[in-house]
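generate a structure from the sequence data that follows.
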Amino acid sequence: MGSLARRINWKAVVIGWISAIFAGLAMNLIFRAAHYGLFSGEAITLTIADATALVTISMISGFLAHSVGGYVAGRRAGDSGWINGAAVAVLGTAALLAAFVLVTAVALATAGALVSPGDLAGGIPPADLFRQLAISAVILFLVNLAGGALGGALGGLDRSPSPSKG
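Next up, the predicted model:
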């Protein structure tokens, strides 16, 4: 069978990742419509319970979006569908981290032009917030990874040969 890395079809993974993005956008629109229907579009003051609900919705939508992307990747790749589906989540996380690093670098490079050093005093969030965000990010990644692997496994199974007509 070879190593896991050799079984990844990167073209299938990229197509699956694009599918996951569109699935996530569609789910975001559905959640927005539900929010508008339930709360008449009014903004909600964010409490700890609301933040927990937001993370839960993010986990659900991330799992479903990566399941769709994983399914597409697994179906296109054929064999080893689960690893191609899981690679969709890895690619998505790598792209997100790269974008975060790029935006942070640009913000830090231009901060001297936009913000005086006195403005930054007292504006640094507590270390506990960073720990909580890191834990949430790891949990979200693992949920997305599971969704991609499950979708990929189902997509790989779905690629069975059709019966011959004869």
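
the closest residue to residue 149 other than its chain neighbours: how many residues sit nearby?
In space, and not counting its chain neighbours, residue 149 is closest to residue 86: 4.2 Å by Cβ to Cβ, 6 or more residues apart in numbering. (Glycine included, C-beta is placed from N, CA and C.) Under the neighbour criterion other Cβ atoms under 10 Å, residue 86 is assigned a count of 28.

just residue 69 next, same as before
Neighbours around residue 69, by other Cβ under 10 Å: 35.

check residue 53 too.
13.

so for stretch 129-147, mean pLDDT?
Model confidence over stretch 129-147, given as mean pLDDT, is 88.

tell me which residues in that stretch are buried?
Within stretch 129-147, the residues scored as buried using 16 or more other Cβ atoms under 10 Å are 136, 140, 141, 143, 144, 145, 146, 147.

okay, the last one and residue 108: tell me how far apart.
Meaning residue 147. Here residue 147 is placed at a distance of 33 Å from residue 108 (Cβ to Cβ, to the nearest Å).

same question for the third one.
Counting by Cβ to Cβ, the gap from residue 141 to residue 108 is 25 Å.

read off the pLDDT value for the residue nearest to residue 14 when sequence neighbours are not counted.
With Cβ to Cβ, 6+ apart as the criterion, residue 14 has its nearest non-adjacent residue at 7.1 Å, and that residue is residue 91. Looking at residue 91, its pLDDT is 95.
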